[in-house]
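J.: sequence unknown, structure follows:
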């Protein structure tokens, strides 16, 4: 709740002060470090709303991104039992973790090429297979990110970045499944591994980063 309120308040402040970012390159050059928050149309950022720590510069900016959060999904299925149909609702909670090493190369005042190495982790405890066994699932992915964007740094120290599009290319991934109850079977093991690895490289659009520099 506190993070969402902070995002709302800061958004209002940034949208009302575009004119103060005329010399974004010069303002970046005068800063040593800056702190911010990232969100946008990107599953990992929407769930984790990660914090950003960056070292800005006139032509290059480098930083670290970290955040965690939970995503709840609900699935409803119909089963036929004792001559009647019954609806069964299953709710799962996924744990998301975002860690990134990022960089930006500025072409001019605000236009830039964002890039980075991302390490995403998605896990779920007590996933239940149809045979009654339960599993702990853990999936780790490493990918390269590359996009295009604009970033404005204001005279009063704030900054606002919008990555119009960000593509991702998977480098590696690793799945770990651990059975927590029930009898071991090859079918449930295969299903658990598939449940964990059915993930493609993440991409996004309109990714917003904003905060303050010092």
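T.: Thanks, I have the structure now. Remember, predicted model here, so these are calculated numbers, not experimental data.
J.: Spatially central residue in the protein, please.
T.: residue 44 (2.2 Å; C-alpha atoms, centre = their mean).
J.: got a pLDDT number for that residue?
T.: pLDDT recorded at residue 44 is 95.
J.: Name the nearest residue to it, sequence neighbours excluded.
T.: Closest residue to residue 44 apart from its sequence neighbours, by C-beta to C-beta, 6 or more residues apart in numbering: residue 98 at 4.9 Å. (Glycine included, C-beta is placed from N, CA and C.)
J.: got it, and residue 166?
T.: Leaving aside its sequence neighbours, residue 166 sits nearest to residue 147 (C-beta to C-beta, 6+ apart; 3.6 Å).
J.: Would you agree that neighbour falls within a helix?
T.: No. Residue 147 is assigned strand when assessed by DSSP: H, G, I helix; E, B strand; the rest coil, not a helix.
J.: how many other residues sit next to it?
T.: 20 (other C-beta atoms under 10 Å).
J.: That one is in contact with residue 116, isn't it?
T.: No. Contact criterion C-beta atoms under 8 Å: residue 147 and residue 116 do not qualify, at 9.2 Å.
J.: just to revisit the earlier point, tell me which residues touch the residue nearest to residue 166, please.
T.: By C-beta atoms under 8 Å, 6 or more residues apart in numbering, residue 147 lies in contact with 113-115, 163-167, 207.
J.: by contact count, what packs against whichever strand or helix holds residue 62?
T.: Here residue 62 sits within strand 60-81, counting by DSSP states H and E. Applying 3 or more C-beta pairs under 8 Å, 6 or more residues apart in numbering; DSSP states H and E, we find strand 60-81 packed against helix 43-48, strand 51-55, strand 84-106.
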